[in-house]
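Provide a 3D model corresponding to the input given below.
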Amino acid sequence: MATSGPARTEPERGAHLEHGTTTERGARDDRDQHTGRPGPAPATRDTAHTSGPPAVPEPQDVTGDYDTDAAALRTHTNRVEDLLATLPPVPERDERQRTAAADAHRGARWLRSRFLAAHVDGVHHTLTDGGPHPRIAELAGRAATAVPGLVPTTDQLAEERTRVQAAKEGREIDQAILFSALLAAPRPGTRLLEAMLRPTDRALTLLDTFRHQGVLDLGSVHITRTDGIAHVEMRNAHCLNAEDDQLVEDLETAVDLALLDDDVQAGILRGTVMTHPRYAGRRVFSAGINLKHLHQGQISYVDFLLRRELGFIHKIIRGLLLDDSPRHWPHRTLEKPWVGAVDTFAIGGGMQILLALDRVIAGSDAYFSLPAAQEGIVPGAGNLRLARQTGGRIARQVILAGRRIRADEPMARLICDETTDPAGVAAASERAAAQLANPAVAANRRMLNLAEEPPDRLRRYLAEFALAQGLRLYSADVLAKVGRSWSGGTTPVHGGRDATAGGHP
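Alright, predicted model coming up:
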């Protein structure tokens, strides 16, 4: 029977990194791609204020010819850029200017969607050129160069990164359109998922060091090998292990190292001891997405929201994809079992991670929540996995109504396998990992994962998620919520808990 622990308290949501650089807006070819003549001259800012923004013609539908449609896309998006150049920064626009920008963006995004619906296989071939498939960040960069107007340039993204979320143009939505189309197409989507299952260059560089030393400090994550078990510890201690771009990168590196090291048979994922004043001296699993970083515009669509789903979380389930060679026959994937050790709480993205693990141990004072409706963005693949584990009715209560599940209530057995005294979480997790460190476990978990979440089903879900999340990231209600949380020195309460640390990706 679970023992009672210290009284539960609500997590504050907070994080403190501030960074970003300013770059110039990238140069643009303003010539009409059909006639070769210069496009319409951009209006000045004074003209925009006195006579209204210049109109952008409604885009024409695609023809079906790749070169013709690519040229038309470039011409139309150049005209949209001309319009945006006449307008004040996003926060300073009046209603007429906001409407003009929104209409222009909507038309360009419709045209991008139509272009990809007609040419996604051709775009994918152009971006991969028959060679090794790039990871998502490189793929987006190639798209900006190879198909001008399809996605934002590096300079445009860097300039957006200098703004708070509510002051951005929302250019990452254009990346969402691209990745949604790629993932929806069977061959490009499958190749994209496979590319993201390969070890990262950073992990391959660090592998020999980890093999010899058995310990590495990656920054926001610490990994140690002890008796065949890889202990992966999240160390964003100042913000309750709230997730940001750096934590996602460090977690993927740690997962890769644990999977690549032949001396590791299983992994344990746990949060470190907090320095945050409200939880000082206590371990916390995760507070989810770093809402302060989201407000500041420092949460990347590609490097955070997409990468965590296609990267370390997917690798926990599927393992690493190895080269197709005789030495890796009969299985190209390198898989190992994973245990989650939950102290205090697993909120949002933290709870999402638990849904991908093979065994979950929780202190009796811990709780789980996935407050999607309160935060406004989509909880990754949580909708797919939580409904499978708890049933649709409970999943709706948790995701749509903000139900919180305590580790010591019967319903928690659908989320965690064992509840123990808070002081016994470490020992119980190590016992669980030792039990799973068995070759037969690896074979059977592979078959369970194939039955529960076939790769094609995940691909189709992620295709919908990619666009939905991109749109939610810039939706008015999300921007208003994160803005209220970090403006005027106030800390509003959502769903009965402070909104000052994390939420969910």
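
tell me where this protein has strands.
Assigned strands in the chain, in chain order: 215-217, 221-226, 229-234, 266-271, 320-321, 333-334, 338-342, 345-347, 359-363, 367-369, 405-406, 418-420, 493-494, 497-498 (criterion: DSSP state E).

quick check: which of those is buried the most?
Neighbour counts (mean count of other C-beta atoms under 10 Å) averaged over each of these peak at strand 345-347, with a mean of 32. Every residue, glycine included, has its C-beta placed from N, CA and C.

mean confidence score for that strand?
For strand 345-347, mean pLDDT is 98.

for stretch 202-216, same thing?
Per-residue pLDDT over stretch 202-216 has a mean of 98.

what distance separates it from the middle of the whole chain?
25 Å (C-alpha atoms, centre = their mean, to the nearest Å).

and it, which residues are buried?
With burial defined by 16 or more other C-beta atoms under 10 Å, the residues of stretch 202-216 counted as buried are A203, L206, L207, F210, L216.

pull the CA atoms of that stretch into CSV?
Extracted as CSV, the C-alpha positions of stretch 202-216 are listed here (Å, rounded to 0.1, in the frame of the first residue of the first chain):
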residue,chain,number,x,y,z
ARG,A,202,27.0,15.5,-30.6
ALA,A,203,26.3,12.1,-29.1
LEU,A,204,28.7,10.3,-31.5
THR,A,205,31.4,12.8,-30.6
LEU,A,206,30.9,12.3,-26.9
LEU,A,207,30.4,8.5,-27.0
ASP,A,208,34.1,7.4,-26.4
THR,A,209,34.3,9.8,-23.4
PHE,A,210,31.2,8.4,-21.9
ARG,A,211,32.2,4.8,-22.5
HIS,A,212,35.5,5.3,-20.7
GLN,A,213,34.4,7.6,-17.9
GLY,A,214,30.8,6.5,-17.4
VAL,A,215,29.7,10.0,-16.5
LEU,A,216,29.1,13.2,-18.5
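
pLDDT weak spots in the chain?
1-51, 485-505 (pLDDT under 70).

ok, now with 50
1-50, 488-500, 504-505 (pLDDT under 50).

find the residue at the geometric middle of it.
The centre of the chain sits closest to L305, judged by C-alpha atoms, centre = their mean, with a distance of 1.6 Å.

from I136, how far out is it?
10 Å (C-beta to C-beta, to the nearest Å).

repeat for T68
Distance from T68 to I136, by C-beta to C-beta: 28 Å.

go on, R359?
Per C-beta to C-beta, R359 is found 30 Å from I136.

thinking again about what came up before, of all the strands of the chain, which one is nearest E160?
strand 493-494 (26.2 Å; C-beta to C-beta).

so which bits of the longest helix along the chain are buried?
Using DSSP state H, we find that the single longest helix of the chain is helix 95-128. Of the residues in helix 95-128, 97, 100-101, 103-105, 107-109, 111-116, 118-120, 122-124, 127-128 count as buried by neighbour count, 16+ other C-beta under 10 Å.

burial count for R278?
16 (other C-beta atoms under 10 Å).

please apply the same query to S325.
S325 has 8 nearby residues by other C-beta under 10 Å.

quick one: contacts for it?
Residues in contact with S325 (C-beta atoms under 8 Å, 6 or more residues apart in numbering): none are found.

which phi and psi does it have?
For S325, the backbone dihedrals (degrees, to the nearest 10) come out as phi -150, psi 160.

how about the helices in the stretch 301-450 of the chain?
In the stretch 301-450 of the chain, the segments counted as helices under DSSP state H, counting those that start in this stretch are 307-308, 314-318, 349-354, 372-375, 382-390, 392-399, 425-436, 439-452.

possible to save these as a markdown table with distance to T162 and mean neighbour count?
Shown next, in a markdown table, are these (distance: least, C-beta to C-beta, whole Å; neighbours: other C-beta atoms under 10 Å):
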| stretch | distance to T162 | mean neighbour count |
| --- | --- | --- |
| helix 307-308 | 21 | 24 |
| helix 314-318 | 31 | 24 |
| helix 349-354 | 25 | 28 |
| helix 372-375 | 24 | 22 |
| helix 382-390 | 31 | 20 |
| helix 392-399 | 33 | 17 |
| helix 425-436 | 42 | 19 |
| helix 439-452 | 41 | 13 |
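
with distance to K336 added, can I get those in CSV?
Formatted as CSV, these follow (distance: least, C-beta to C-beta, whole Å):
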stretch, distance to K336
helix 307-308, 19
helix 314-318, 9
helix 349-354, 16
helix 372-375, 30
helix 382-390, 19
helix 392-399, 28
helix 425-436, 9
helix 439-452, 6
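
quick one, which of the ones you listed is nearest to F179?
Nearest of the helices of the stretch 301-450 of the chain to F179, taken as C-beta to C-beta: helix 307-308 at 11.0 Å.

and the closest one, how far from the chain's centre?
Centre-to-centre, helix 307-308 and its host chain are 4 Å apart (C-alpha atoms, centre = their mean).

quick one: list the elements packing against that helix.
If contacts are counted by 3 or more C-beta pairs under 8 Å, 6 or more residues apart in numbering; DSSP states H and E, helix 307-308 sits against helix 245-260.

what's the helix it packs on in contact with?
17, 199-200, 202-204, 206-207, 210, 216, 218-221, 223, 230, 232, 234, 236, 241, 264, 267, 293, 298-300, 303-304, 307-308, 311-312, 315-316, 319-320, 334-336.

likewise stretch 455-469?
Counting by C-beta under 8 Å, 6+ apart, 176-177, 179-181, 183-184, 186, 189-190, 193, 301, 305-306, 309-310, 314, 318, 377-378, 380-381, 383-384 sit against stretch 455-469.

which PyMOL command selects the buried ones in those residues?
Here is the PyMOL command that selects the buried residues among those (16+ other C-beta under 10 Å):
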select buried, resi 176+177+179+180+181+183+184+189+193+301+305+306+309+310+314+318+377+378+380+381+383+384
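
ok, what's across the strand from the residue nearest to E430 when sequence neighbours are not counted?
Excluding its sequence neighbours, the residue lying closest to E430 (C-beta to C-beta, 6 or more residues apart in numbering) is I229, at 6.7 Å. Taking DSSP bridges as the rule, I229 bridges to T226, A266.

same check on the one 4 residues further on?
Per DSSP bridges, the residues bridged to E233 are H222, R270.

from here on, call the first residue 254.
Okay, using 254 as the starting number, the last item reads as E486.

what about it, distance to T525?
E486 sits 5 Å away from T525, going by C-beta to C-beta.

hang on, the earlier thing: which of T321 and I389 has more residues huddled nearby?
I389 (22 against 13).

mind listing the residues bridging to the nearest residue in space to A679 that is not next to it in sequence?
Among residues not flanking A679 along the chain, A594 sits closest, at 6.7 Å (C-beta to C-beta, 6+ apart). Note on A594: beta-bridge partners by DSSP bridges are R523, I614.

is A594 in contact with I521, as I believe?
Yes - between A594 and I521 there is a contact under C-beta atoms under 8 Å: 5.8 Å.

quick check: neighbours shared by the two?
By C-beta under 8 Å, 6+ apart, the residues touching both A594 and I521 are S682.

surely the residue nearest to E683 touches G520?
Yes - contact criterion C-beta under 8 Å: I482 and G520 qualify, at 7.0 Å.

shared neighbours of these two, anything?
A686.

can you tell me how far the closest residue in space to I569 that isn't next to it in sequence is from R561?
With sequence-adjacent residues excluded and distances taken as C-beta to C-beta, 6+ apart, I569 is closest to A609, at 4.8 Å. Using C-beta to C-beta, we find A609 at a distance of 11 Å from R561.
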